[in-house]
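J.: Predicted model and sequence below, questions to follow.
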Amino acid sequence: MSDEKPAREPIAEDARIDALEARLKAAREREEDRIQPQISGADANYRSGNRVLADLLGGILGGLVIGGTIDYFAGTSPWGLLVMLFLGIGVAFRNIFRMASTQADDPPKGE
């Protein structure tokens, strides 16, 4: 079996192909470096937006549930619901302002 020759001889490496592969690799690395800061910045903005949404929904829904529970057991309908709803919205806005002020103090990561 070792005496048999393969049907085709392997093609010798060409210097042009090696140069082309090196240029393609360099171009891919430049493109990854160019795109990477944009992805991380967009990802941070997406996470901040989700946190704002969660704070708003949590404040509103938490105020509704707690206020409704107070009204059910105390019989003060609708005052417990309204007071707790506004307190929940106030806490949500306080959390959003606090988050925005800490992000304004932090330097950008890309620079």
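T.: Everything's here; your move. Numbers count the residues shown, from 1 in each chain.
J.: elements contacting the helix or strand encompassing K25?
T.: Per DSSP states H and E, K25 falls inside helix 15-74. When contacts are defined as 3 or more CB pairs under 8 Å, 6 or more residues apart in numbering; DSSP states H and E, helix 15-74 packs onto helix 79-105. In this view, the C-beta of every residue, glycine as well, is placed from N, C-alpha and C.
J.: tell me the average confidence for the helix it packs on?
T.: Averaged over helix 79-105, pLDDT sits at 92.
J.: cool, stretch 51-69 as well?
T.: Mean pLDDT, stretch 51-69: 95.
J.: Dump that stretch to CSV, restricted to CA.
T.: Below are the C-alpha coordinates for stretch 51-69, written out as CSV (Å, rounded to 0.1, in the frame of the first residue of the first chain):
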residue,chain,number,x,y,z
ARG,A,51,-33.1,48.8,34.5
VAL,A,52,-35.1,52.0,34.1
LEU,A,53,-38.0,50.0,32.8
ALA,A,54,-37.8,47.5,35.7
ASP,A,55,-37.6,50.3,38.2
LEU,A,56,-40.7,52.0,36.8
LEU,A,57,-42.8,48.8,36.5
GLY,A,58,-41.6,47.6,39.9
GLY,A,59,-42.6,50.9,41.6
ILE,A,60,-46.0,51.0,40.0
LEU,A,61,-46.9,47.3,40.4
GLY,A,62,-45.4,47.2,43.9
GLY,A,63,-47.5,50.3,44.9
LEU,A,64,-50.6,48.8,43.4
VAL,A,65,-50.2,45.4,45.2
ILE,A,66,-49.3,46.9,48.6
GLY,A,67,-52.0,49.6,48.3
GLY,A,68,-54.6,47.1,47.3
THR,A,69,-53.7,44.8,50.2
